[in-house]
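J.: Dropping a prediction and its sequence here:
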Amino acid sequence: MQNDGRSNAESAGSERPTLSFGAAWQYAPAPEASDWVEIPDRRGLFLDGAFVAPASDQWFESINPATEAVLGHVARADASDVDRAVQAARRAQPAWAALPAEHRARYLFRIARLLQERARELAILESLDGGKPIRESRDVDLPLCAAHFFHHAGWADKLELAFPGACPEPVGVVGQVIPWNFPLLMLAWKLAPALACGNTVVLKPAETTSLTALRFAELLQQAELPPGVVNFVTGEGPTGEALVTHPGIDKVAFTGSTAVGKAIQARLAGSGKDLTLELGGKAAHIVFEDAAIDSAVEGVVRGIFFNQGHVCCAGSRLLVQESIHDAFLQKLVRRMERIRVGDPLDKNTDMGAINSRAQLQRIEALVAAGTSDGARVHQSGCELPGKGFWFRPTLVSGVSQADRIVREEVFGPVLAVTTFRTPDEAVQKANDTPYGLSAGIWTDKGSRILWMASRMRAGVVWNNTFNRFDPGAPFGGFKESGFGREGGRQGLAAYVRRPGGLVQG
Amino acid sequence: MSDAHEGTGARPAVLKTWKLFVGGALPRSESGRTYQPAAARHCNVARASRKDLRDAVEAARKGQGSWWNRDAYNRGQIVYRIAEMLETRATAIVDELVACGVEQEVARREVEASVDLCAWHAGLCDKVGVLLGSQNQVSGPFFNFSTIEPTGVVFVAAPEQPSLLGLLALLLPPLVGGNAVIALCSESAPLAGLAFGEVCASSDVPAGAINLLAGPRAELVGHAAAHRAIDGLLLAGRPEPSVGAEAADSVKRVRWCDAEWDAPGLAERVRRLDWVEPFVEVKTLWHPVSGW
């Protein structure tokens, strides 16, 4: 057990109040300068290698969720804009696929390098537009983005090794729709394998977080990527619908909510288009009594409060072994109190702003309505900024398996705590959900880790760690968390067709 | 079989009642209904109802655990046992195909190819994980690997032509992926498929791991698409869009292949991993590496 440096004073009968970390250690503001990142008021759609105005000339605001200030205006693409984008991608596809594979790889390597060179600028823009702490956009999102392009660059000229004897061919033109929680990282997850396999792309960023995709388009110009290989159409739901249903698209890749994923799957039924879905989750985070408790506390905190809990694989259901429940909860609550919530651009900030007012309202509604009698809600007492969208780190204990807070994806910094007695019960509770994206297991016993991990109906299992990502590690869901993988050799399968293969229905 | 129709004073043959294969048993339809298949009007075949399908799903969910919890080596032995039993029943199954209108020589070749296909898949059981899994070279001090696991219960609709090979080409890939399979035989020519159920019944296949139904295809496929405890669909022939739309409500894995079944070439065409891939789930495990 670690000594946190206060127990001596307390046991000596000091009159110091109970530990209030935030008040005792005030951090001076440490803002990342953002004035050098220029944001044009309007940028347009990225079609055929150039920025163009939407046909309708309609624009909508993109705001900073931490201040509600308007950052700029984003084009609302209609069906005719989507059609222009798809036509551009179609025209570009044969030549892109016919390039020597090493040349295709070279463009991806260039993009990876450009991402590294302009990482800070993009990280700042990501935090401004989406509300995530600069520490995360700078240290997680951007490095992973670059790594994703670098990794897939190396696949572009090794597809015959990835699929021996199967004569892999590009699918064609891919329509991709991505969410607002990791705008650039999801863009990288989608674009890199698609391009490596010889496909061209029309991608729609999320409406609240389009700015970094448009900045990324400038990188594509710098990389001299042939026009039409990548096209960005910005807009809301109708833009996405026009994209996924466009007859000129051969494959759709979607990351987002399970409800929308199901609707897309239903719309594409019988179309002959390929489809991969990365949908919602309600991950169980299981802590056994023999776990390294302090590490587990850090892991659980990382699992649910990383990126304000806007993470599809967030560890939103804590299953703690009954014997250590009280002690674990006490440590967890104390640790939660120390999370610094505030200005996303402050380098000391742990948790930033909720991405949008709509999302904040969803979280508030679910926390208010999602618990039964006997539930106890613990919230951090941290100060919240006056403007912007904020939600305190929250933990709900005493909940039952049937409570909405346990069953539904909150997509916010809200942890539901339940208990178990035996490994069998942990397995049963963990799998008692229509989702199956991820799971976490904390125990010091190796054989139990493997026993538990093999029984988790989930696509990613983090053991004595959580929320780790790598371009070489396949990521994706079981059950209603979707199908298809992103990353690694298995992820490439979503972007090739093999002659004689089965057709998706 | 043919003796029954000669009626020349020869010994009257004992005629078979054609039954379903569900949960390791050979039941009639719970509905009490039978039908005379278009290609074999002389037979009464148990006509699977929606309730029979639901029963099969229940049996398959139980059987799936029993199937997957075995060692891969043991699954391989069981699939090889199917090949052995099929070989000894080859003549009878050729007769069922001939009774449904297939030429004698074509039927013989097809049944032989079916036995061979079983043996090929028997040997795949303990290699699927090697071929579709991976050790992943991630950045940072982590041991990282991806294993494969079955999707769960897969509903298979065999091609409509009289064909054992067509049924097995669709049934075996999800099976070797560790799934339990509910296979719907050809509606008009179900005899070879139902005979395969009799083979399975004597091949050490765990109850519920393989289930065979016969009956109205459009109705049963539609019902399977909407059934939330079925995790995947593998269909011969392009399905109606409504099938995929129903299946979307539980995010089923849906695949189909064209229904042009050219028996001699087919057996080679289906020996491939990407027919297994849609019905296995990749699971990625992370663990830190440290020396303390």
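T.: Looks like it arrived, so ask away. Keep in mind it's a predicted model, so treat the numbers as computed, not measured. Numbering: from 1, shown residues only, chains lettered A, B, ... in the order given.

J.: so who does the residue nearest to B:Pro239 when sequence neighbours are not counted touch?
T.: Of all residues not flanking B:Pro239 in the chain, A:Gly505 sits nearest, at 5.2 Å (C-beta to C-beta, 6 or more residues apart in numbering or on different chains). (Glycine included, C-beta is placed from N, CA and C.) A:Gly505 sits next to A:Ala269, A:Gly270, B:Leu233, B:Leu235, B:Arg238, B:Pro239, B:Val243, B:Gly244, B:Ala247, B:Val254, B:Arg255, B:Trp256 when contact means C-beta atoms under 8 Å, 6 or more residues apart in numbering or on different chains.

J.: Ok, B:Ile182 next?
T.: Neighbours of B:Ile182 in contact, by C-beta under 8 Å, 6+ apart: B:Leu53, B:Ala56, B:Val57, B:Ala60, B:Val153, B:Val154, B:Phe155, B:Val156, B:Asn211, B:Leu213, B:Ala224, B:Ile230.

J.: A:Gly49: which of those is nearest?
T.: Distance ranking of the contacts of B:Ile182 against A:Gly49, using C-beta to C-beta, places B:Val154 first at 44.2 Å.

J.: how far away is the closest one from chain A?
T.: According to C-beta to the nearest C-beta, to the nearest Å, B:Val154 stands 12 Å off from chain A.

J.: same deal with B:Leu266?
T.: Distance of B:Leu266 to chain A, given as C-beta to the nearest C-beta: 11 Å.

J.: shouldn't that residue be in contact with B:Leu167?
T.: No - with contact defined as C-beta atoms under 8 Å, B:Leu266 does not count as touching B:Leu167 (11.3 Å).

J.: These two: who's more crowded?
T.: Remark: of B:Leu266 and B:Leu167, B:Leu167 carries more neighbours, 24 against 21, as counted by other C-beta atoms under 10 Å in any protein chain shown.

J.: for the helix or strand in which the more buried one is found, packing partners?
T.: Applying DSSP states H and E as the criterion places B:Leu167 in helix B:164-176. On a contact count with 3 or more C-beta pairs under 8 Å, 6 or more residues apart in numbering or on different chains; DSSP states H and E, helix B:164-176 meets helix B:72-88, helix B:104-124, strand B:153-157, strand B:180-184, helix B:191-201, strand B:232-236, helix B:263-269.

J.: TSV please, covering these and showing mean pLDDT.
T.: What follows is the helices and strands packed on helix B:164-176, written out as TSV (pLDDT from 0 to 100):
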stretch	mean pLDDT
helix B:72-88	98
helix B:104-124	96
strand B:153-157	98
strand B:180-184	98
helix B:191-201	97
strand B:232-236	97
helix B:263-269	73
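
J.: Switch the ones you listed over to TSV; also include distance to A:Ala263.
T.: Listed next are the helices and strands packed on helix B:164-176 as TSV, based on distance: least, C-beta to C-beta, whole Å:
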stretch	distance to A:Ala263
helix B:72-88	37
helix B:104-124	36
strand B:153-157	23
strand B:180-184	27
helix B:191-201	36
strand B:232-236	19
helix B:263-269	35
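
J.: A:Asp326: which of those is closest?
T.: strand B:153-157 (40.9 Å).

J.: Off-centre distance for that closest one?
T.: 7 Å (C-alpha atoms, centre = their mean, to the nearest Å).

J.: same thing with stretch A:251-261?
T.: Averaging C-alpha positions (C-alpha atoms, centre = their mean) puts stretch A:251-261 13 Å from its chain's average.

J.: my guess is A:Asp294 meets A:Lys331, correct?
T.: Yes - counting by C-beta under 8 Å, A:Asp294 does reach A:Lys331; the two are 7.4 Å apart.

J.: More neighbours: the two, which one.
T.: Neighbours per residue (other C-beta under 10 Å) separate A:Asp294 from A:Lys331, with A:Lys331 holding more: 17 against 13.

J.: Surely that one touches A:Ser295?
T.: No - contact status for A:Lys331 versus A:Ser295: not in contact, 11.2 Å apart, counting by C-beta under 8 Å.

J.: From B:Leu191, how far off is whatever residue of chain B ends up closest to chain A?
T.: Distance from chain A to each residue of chain B (C-beta to the nearest C-beta) is smallest for B:Gly244, at 2.5 Å. Using C-beta to C-beta, to the nearest Å, B:Gly244 is found at 30 Å from B:Leu191.

J.: repeat for A:Lys251
T.: Distance of A:Lys251 to B:Leu191, given as C-beta to C-beta: 40 Å.

J.: returning to that earlier point: export the contacts of A:Gly505 to JSON lines and append columns for secondary structure and neighbour count.
T.: Listed next are the contacts of A:Gly505 as JSON lines, based on DSSP: H, G, I helix; E, B strand; the rest coil; neighbours: other C-beta atoms under 10 Å in any protein chain shown:
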{"residue": "A:Ala269", "secondary structure": "coil", "neighbour count": "23"}
{"residue": "A:Gly270", "secondary structure": "coil", "neighbour count": "18"}
{"residue": "B:Leu233", "secondary structure": "strand", "neighbour count": "26"}
{"residue": "B:Leu235", "secondary structure": "strand", "neighbour count": "27"}
{"residue": "B:Arg238", "secondary structure": "coil", "neighbour count": "15"}
{"residue": "B:Pro239", "secondary structure": "coil", "neighbour count": "24"}
{"residue": "B:Val243", "secondary structure": "helix", "neighbour count": "25"}
{"residue": "B:Gly244", "secondary structure": "helix", "neighbour count": "25"}
{"residue": "B:Ala247", "secondary structure": "helix", "neighbour count": "27"}
{"residue": "B:Val254", "secondary structure": "strand", "neighbour count": "27"}
{"residue": "B:Arg255", "secondary structure": "strand", "neighbour count": "24"}
{"residue": "B:Trp256", "secondary structure": "strand", "neighbour count": "22"}
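
J.: Out of the residues you listed, which comes closest to B:Ser163?
T.: B:Leu235 (14.6 Å).

J.: For B:Ile210, see how far away the closest one is.
T.: Between B:Leu235 and B:Ile210 the distance is 17 Å, computed by C-beta to C-beta.

J.: for chain A, what are the nearby residues on the stretch 51-200 of chain B?
T.: The stretch 51-200 of chain B comes close to chain A at residues B:132, B:134, B:136-140, B:142, B:144, B:146-147, B:149, B:151, as judged by C-beta under 8 Å from any C-beta of the partner chain.

J.: Let's see that with 10 Å instead.
T.: For the stretch 51-200 of chain B, the residues in contact with chain A (C-beta under 10 Å from any C-beta of the partner chain) are B:131-149, B:151-152, B:170, B:173.

J.: Pull out the buried residues from stretch A:58-72.
T.: Within stretch A:58-72, the residues that qualify as buried by neighbour count (16 or more other C-beta atoms under 10 Å in any protein chain shown) are A:Trp59, A:Ser62, A:Ile63, A:Asn64, A:Pro65, A:Ala66, A:Thr67, A:Leu71, A:Gly72.
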